[in-house]
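Trainee: Need a 3D model of the following:
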Amino acid sequence: MKQLSTILVLFVALSHVAILILEVFFWNHPVGRDAFSMTLQQSQATQVLAMNQGIYNGFLAAGLFWGLWSERIDLKVFFLCCVSVAGIFGAVTAKTSILFTQGMPAMIALAVLYISVRLPQPKRPIEAPKAKH
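Mentor: Residues are numbered from 1 along each chain as shown. Below you'll find the predicted structure:
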């Protein structure tokens, strides 16, 4: 279960790197306009705002990578909660699909992480002390 939670947290982190790339580098490009269903005029008018959003998504990804690298549950929980709240807020204020593309993966990762922490861990056999030469 711990491996599954790691994979899900990694997925959420990588998806936020992808969002960063789209919002910072491809917002005003056909790829970005198609991804976010915008016209050229909409993308031009909101490009600076999107770049700012992209940086925030990068911070979320960085926090999740930090949690994975350090193996700290508290960091993973904090940043998954941040992504979940952002997904809910985005769904309410901008586009309902944000709940499913950003919020739900984070909530699922959070639930699996919780279960993996709550499950009893297998006990390691006690090793006999090694003799000194």
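Trainee: List the buried residues of the lengthiest helix in the chain.
Mentor: In the chain, assigned by DSSP state H, the helix with the most residues is helix 40-70. Of all the residues in helix 40-70, those buried under the rule 16 or more other Cβ atoms under 10 Å are 43, 46, 50, 53-54, 57-58, 60-61, 63-65, 67-68. To be clear about C-beta, it is placed using only N, CA and C from the backbone, and glycine gets the same treatment.
Trainee: Put together TSV for those residues, with pLDDT and distance to residue 90 on each row.
Mentor: Formatted as TSV, the buried residues of helix 40-70 follow (pLDDT from 0 to 100; distance: Cβ to Cβ, whole Å):
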residue	pLDDT	distance to residue 90
43	95	18
46	95	14
50	95	13
53	94	10
54	96	14
57	97	11
58	97	16
60	97	12
61	98	16
63	98	18
64	98	17
65	98	21
67	98	22
68	98	24
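Trainee: From the contact counts, what lies against the longest helix of the chain?
Mentor: Contact analysis of helix 40-70 by 3 or more Cβ pairs under 8 Å, 6 or more residues apart in numbering; DSSP states H and E lists helix 2-25, helix 30-35, helix 73-93 as its packing neighbours.
Trainee: Without its sequence neighbours, what residue ends up closest to residue 11?
Mentor: residue 105 (6.3 Å; Cβ to Cβ, 6 or more residues apart in numbering).
Trainee: Was I right to think that neighbour contacts residue 14?
Mentor: No. With contact defined as Cβ atoms under 8 Å, residue 105 does not reach residue 14; the gap is 10.4 Å.
Trainee: What residues does the residue nearest to residue 11 make contact with?
Mentor: Under the criterion of Cβ atoms under 8 Å, 6 or more residues apart in numbering, the contact list for residue 105 reads 8, 11, 12, 15.
Trainee: so which of those is the most crowded?
Mentor: Of all the contacts of residue 105, residue 12 has the most neighbours under the rule other Cβ atoms under 10 Å, reaching 23 neighbours.
Trainee: about what we covered before: so which of the helices and strands packed on helix 40-70 gets nearest residue 121?
Mentor: With Cβ to Cβ as the criterion, residue 121 lies closest to helix 2-25 of the helices and strands packed on helix 40-70, at 8.6 Å.
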